[in-house]
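Trainee: Sequence and predicted structure below; questions after.
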Amino acid sequence: MPAIEDPILMRDLLRETEPLAIPFFERPAQDLARALLSCVVIHGDTAGMIVETEAYLGLHDLAAHASRGKTERTKALFGPAGRAYVYFIYGMHECLNVVGEREGEPGSVLIRALEPLAGLTQMYERRRWKGRATGLANGPGKLTQALNITRKQYGQRLDRGELTIRGWRRKPAFHVAVTPRIGISEAVDWPLRFVWAGHPCLSKR
DNA sequence: CAATAGATCATCT
DNA sequence: GATGATCTATTGC
């Protein structure tokens, strides 16, 4: 199973995981955020396990991009489930969301932190990081840089293709903790952040 | 350790 | 023209 100081070969990773079909993503954002914990994001030769997520709801969630309605930027949120919603923020960071619900219903999950699993050397280079592997992808902007995920992946399906999310054939055991979301100024108290309790790769405060 | 400043630009008012 | 689902470096105690 995953071990932060013992990265796996991509070929073994592919054998121990399986694709998530589109129906897996077709559920409310809160449920999807919880279900995505321990799943594996793969892009090119790099991969990481999801250990922290946040759910963003629809029109009544003022912290959600979708609350302002469908625009050129947010249209993927209103599309079918199982797609990537990637946005650019603060003039320098890309953030990855997984679209849930169903067509016409916004609701997505922000991927906030990964445990690096494969392609660590490449991640160190891209991040120009000189620390422990736990700090390679423990933040929404850090993981996209580590896995080289950008707006080029906007709207892409995640069940297959160049950017995929897979589930373990034998799911690891862990506890989930729920807290308010981080870095927002609306709906500040809503308990929509889900973490693998005690995991060393969680984002900083 | 904690707090803060600065980077930097797409999107929306 | 202001703001933002962030990160890093730097300052200060």
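Mentor: Perfect, I can see it now. Numbering: from 1, shown residues only, chains lettered A, B, ... in the order given.

Trainee: Okay, the residue lying farthest from the centre of chain A and residue A:136: tell me how far apart.
Mentor: Distance from the C-alpha centroid of chain A peaks at residue A:130, with 23.3 Å (C-alpha atoms, centre = their mean). Counting by C-beta to C-beta, to the nearest Å, the separation of residue A:130 from residue A:136 is 11 Å. Every C-beta, even on glycine, is put in place using the N, C-alpha and C of the backbone.

Trainee: Next: residue A:87.
Mentor: Per C-beta to C-beta, residue A:87 is found 21 Å from residue A:136.

Trainee: And the two? Which one has more around it.
Mentor: residue A:136 (26 against 17; other C-beta atoms under 10 Å).

Trainee: In this structure the more buried one contacts residue A:127, no?
Mentor: Yes. With contact defined as C-beta atoms under 8 Å, residue A:136 and residue A:127 form a contacting pair (6.0 Å).

Trainee: Now list whatever residues contact both of those two.
Mentor: A:142, A:146 (C-beta atoms under 8 Å, 6 or more residues apart in numbering).

Trainee: For DNA strand B, what's the nearest residue on chain A?
Mentor: Nearest residue of chain A to DNA strand B: residue A:91, at 2.4 Å (C-beta to the nearest atom of the strand).

Trainee: Would you map the strands across chain A?
Mentor: A:17-19, A:40-43, A:46-56, A:84-89, A:93-99, A:108-118, A:163-168, A:176-179, A:193-196 (DSSP state E).

Trainee: Contact partners for residue A:64?
Mentor: A:56, A:57, A:58, A:106, A:108.
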